[in-house]
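[1] Sequence plus predicted model, see below.
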Amino acid sequence: MENAVGLTFRDATDADVDVLVALIESAYRGDDSRAGWTTEADILEGQRTDPEGVLQVIKAPDGKLLTVEQAGRVVACCQLEHRGTYAYFGMFAVSPVLQGAGLGKAVIAEAERQAREDWGVTEMRMTVISVREDLIAWYERRGYRRTGEMTPFPYGEERFGIPRRADLQFELLVKPLV
């Protein structure tokens, strides 16, 4: 489906795995990620995901990896997972060189619309690393609220990254979809 700003939204397929891994890595890790504001390079090293992780999201029976194209190029993605009365939003990535121009807002709005219309859910949930104050503030401006509910960061599981600090944890953010 194409929208007004020339974005095409579609479900990812197996053929998209390599492009999506590269996009997600570029948005969060290493020097390339510093071109955008969503970088985690100062708090985490190593990989953000891998082909197996992306394929697992694509193949999930109750979810999808929403892929966003502009001018035929993959520029963003996000995971949507149906979990009963709510949807989980994750694996959100926007190309670093396109960040700050409204693309992320358009993607999250479409993800919320699809979750509400396709699954009839009344709430979107996500987890964000609690020290990412700028990112949490961005989500708050989109209607998400902090819950104070924390889950531990998977220290020692390098497939999720190598922490550069000892105080990492995930905070649950929630938004009603009504």
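    Received the coordinates, thanks.
[2] How is the residue positioned nearest the centre of the chain assigned, secondary-structure-wise?
    By C-alpha atoms, centre = their mean, the chain has its centre lying nearest to residue 92, at 1.5 Å. Under DSSP: H, G, I helix; E, B strand; the rest coil, residue 92 falls in the strand class.
[3] Surely it is in contact with residue 77?
    Yes. Using C-beta atoms under 8 Å, residue 92 is in contact with residue 77, at 7.4 Å. Using the backbone N, CA and C atoms, a C-beta is placed for each residue, glycine as well.
[4] ok, and for the lengthiest helix in the chain, which residues are buried?
    Identified as the longest helix of the chain according to DSSP state H is helix 103-119. With burial defined by 16 or more other C-beta atoms under 10 Å, the residues of helix 103-119 counted as buried are 103, 104, 106, 107, 108, 110, 111, 112, 114, 115, 116, 119.
[5] Tell me which two in these are the farthest apart.
    103 and 119 (23.8 Å; C-beta to C-beta).
[6] show me where this protein has helices.
    17-28, 30-33, 51-59, 103-119, 133-141.
[7] mean pLDDT for the ones you listed: which is lowest?
    Among those, helix 30-33 has the lowest mean pLDDT, at a mean of 58.
[8] what about the nearest residue to residue 104 once chain neighbours are set aside, how many neighbours?
    Nearest non-adjacent residue to residue 104, counting by C-beta to C-beta, 6 or more residues apart in numbering: residue 94, 4.9 Å away. Residue 94: 26 surrounding residues under other C-beta atoms under 10 Å.
[9] Fine, thanks again, bye for now.
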